[in-house]
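Peer 1: Generate coordinates for the sequence data below:
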Amino acid sequence: MEPIPRESLDWSVRLFVYRYIVDYERPPTFAETADALHVDPYEARIAFERLHDCHALFLEPGTVSVRMAHPFSGVRTPFRVHTGGHTYWANCAWDTLGIPAVLAGDATIDGVCSDDQEAVQLSVKNQRVHGQEVLVHFALPFRRWYEDLILT
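Peer 2: So this is what the prediction gives:
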C-alpha cells in the first residue's frame, strides 16, 4: 500500500475525527482512526499529535486522546447539545452554539452557570437562539486561550 502524504493524512484524520463524533457522539481513538483509514497506528498517533500542535485538535494532556475537536468535547462537561437525534458535549457555553451552527440544525441546549450552578436551557430554532437571557463570561481573552484551554 502506498503511504499517504503527511499533510493529506493529517487532514484525513481530522475529517474522520469530526465525522466520527457526529455519528457516535464521542471522538475515536487513534487506533480506531488508523483502522478506519487503513494506516499504521503509529502514523495515526503522530497525525493526532501534529493536529494538536497546530490547534486543529486538542489532546488530553499527556495522552493521545481527543479532548476537544471544537466545538465538540471528548469529555463530559456541564454543557450538552441535543440535535438530530444525538447528544453532544460542548467544551463551554460558546461551543453550545457552535454545535448547531456546524450541524446546521435546530437544538436544545442544557448548561450550567459556573458562578451559581443554576441550570440554563436554551434552544436554537431556524438559526435563532431562544430561552432565558444569559451572559457568557470568558476567564481569559481569546488571544490567551491556549495558555490553558481547559480552564478557558
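
Peer 1: For the rest of this, base every contact and every neighbour count on C-alpha atoms.
Peer 2: Fine.

Peer 1: Can you give the contact residues for the helix or strand of the chain with the lowest mean pLDDT?
Peer 2: Ranked by mean pLDDT, DSSP states H and E, the weakest helix or strand in the chain is strand 128-131, scoring a mean of 90. With contact meaning C-alpha atoms under 8 Å, 6 or more residues apart in numbering, strand 128-131 is reached by 121, 122, 123, 124.

Peer 1: now for the residues you listed, which pair is the farthest apart?
Peer 2: Maximum pairwise distance among those (C-alpha to C-alpha): 10.4 Å, between 121 and 124.

Peer 1: Quick check: neighbours shared by those two?
Peer 2: Common neighbours of residue 121 and residue 124 (C-alpha under 8 Å, 6+ apart) are 108, 109.

Peer 1: Make sure residue 91 is actually in contact with residue 77.
Peer 2: Yes: if you go by C-alpha atoms under 8 Å, residue 91 and residue 77 touch, sitting 6.6 Å apart.

Peer 1: neighbour count winner among these two?
Peer 2: residue 91 (25 against 14; other C-alpha atoms under 10 Å).

Peer 1: Enumerate every residue touching that one.
Peer 2: Contacts of residue 91 (C-alpha under 8 Å, 6+ apart): 68, 70, 71, 72, 73, 77, 79.

Peer 1: Over to residue 37?
Peer 2: Contacts of residue 37 (C-alpha under 8 Å, 6+ apart): residue 13.

Peer 1: how near is it to residue 111?
Peer 2: 35 Å (C-alpha to C-alpha, to the nearest Å).

Peer 1: which parts of the least confident helix or strand of the chain are buried?
Peer 2: Going by neighbour count (16 or more other C-alpha atoms under 10 Å), the buried part of strand 128-131 is residue 129.

Peer 1: the longest helix in this protein is where?
Peer 2: helix 6-24 (DSSP state H).

Peer 1: count of residues packed around residue 30?
Peer 2: 23.

Peer 1: Just the pLDDT for it.
Peer 2: pLDDT for residue 30: 95.

Peer 1: what sits against it?
Peer 2: So residue 30 contacts 41, 44, 45, 48, 64, 65 (C-alpha under 8 Å, 6+ apart).

Peer 1: how's this structure carved up into domains?
Peer 2: 6-67, 73-131 (automatic domain parsing).

Peer 1: any idea how far residue 56 is from the nearest residue to residue 72 once chain neighbours are set aside?
Peer 2: Distance criterion C-alpha to C-alpha, 6 or more residues apart in numbering; nearest residue to residue 72, sequence neighbours excluded, is residue 90 at 5.0 Å. From residue 90 over to residue 56 the distance is 16 Å, taken as C-alpha to C-alpha.
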